[in-house]
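Colleague: Following is a predicted model, sequence given first.
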Amino acid sequence: MADYSMEDEKWTKNVAKVNLYLETHDLGDMEQVIRWNLNQGDTDPDNRKRFWTSITTLFGMLPDSPISRGRESDLPEEIQQAITAICVQYATAYNAAFVSHPLFGEIVRKHGKSGGGRFSDDEYSESLQKQMKGRLTTYYRNSLKGITDQPNWDGTLNDGIPAIVDAVESTEEEE
């Protein structure tokens, strides 16, 4: 018989990730289904993998899902979700211009390493999100490491906008 259980530690971490997302996003009726699966997983540990599969399937329909495949990030969950929300907002705004006029689709091209050529609307949006995620992650890590000669961000948001600190040029003291 298959094992559908999940370790308490992993379940607790997954639940915390989902609850944090639900606190900051209105999912309408979908939230009730997600919460039901969370409650069932809490009371029936032998079937947690089944409930988690249902939750991941539901989140798979969202553009800014807090659940991703592959190796998990070592950034705090709050920072990961902030970065995701900012990236979606950023890409949506820029993609609006891209799809609104054929000029943008003609001028903006894929990088040569990506095969070159024109972007589809979805490809362009995904590219923007990936670029912004990389930047914000770098800025956050710069802050953690105390790097001041490059832009950094300590995770602070002002009305949903990251409070990025510009690079400070180091001054050498003359002897």
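Modeller: All right, it came through fine.
Colleague: hey, let's count contacts and neighbours off CA atoms from now on
Modeller: Will do.
Colleague: Just the buried residues of stretch 53-70, please?
Modeller: 54-56, 59, 64-67 (16 or more other C-alpha atoms under 10 Å).
Colleague: got the contact list for it?
Modeller: Defining contact as C-alpha atoms under 8 Å, 6 or more residues apart in numbering, one finds that stretch 53-70 is touched by 17-18, 21, 30, 34, 37, 80-81, 84-85, 88.
Colleague: So which of these are in helices?
Modeller: The helices, defined by DSSP state H, take in 17-18, 21, 30, 34, 37, 80-81, 84-85, 88 from these.
Colleague: Can you show me the strands along the protein?
Modeller: For the chain, the strands defined by DSSP state E cover 157-158, 161-162.
Colleague: Format the ones you listed as CSV; extra columns: mean neighbour count, mean pLDDT and distance to residue 143.
Modeller: Formatted as CSV, the strands of the chain follow (neighbours: other C-alpha atoms under 10 Å; pLDDT from 0 to 100; distance: least, C-alpha to C-alpha, whole Å):
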stretch, mean neighbour count, mean pLDDT, distance to residue 143
strand 157-158, 10, 92, 14
strand 161-162, 14, 93, 13
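Colleague: Among those, which comes closest to residue 104?
Modeller: When the strands of the chain are compared by C-alpha to C-alpha, strand 161-162 sits nearest residue 104, at 25.7 Å.
Colleague: chain center to the closest one, what's the gap?
Modeller: Between the centre of strand 161-162 and the centre of its chain there are 14 Å (C-alpha atoms, centre = their mean, to the nearest Å).
Colleague: now stretch 11-31
Modeller: For stretch 11-31, the distance to the chain centre is 14 Å (C-alpha atoms, centre = their mean).
Colleague: where does this structure dip in pLDDT?
Modeller: Along the chain, the model assigns pLDDT under 70 to residues 170-175.
Colleague: now the residue most central in space within the chain, nearest residue through space, not along the chain?
Modeller: In the chain, the centroid-proximal residue (C-alpha atoms, centre = their mean) is residue 84; its distance is 2.7 Å. For residue 84, ignoring the flanking residues on the chain, the nearest one in space by C-alpha to C-alpha, 6 or more residues apart in numbering is residue 64 at 6.1 Å.
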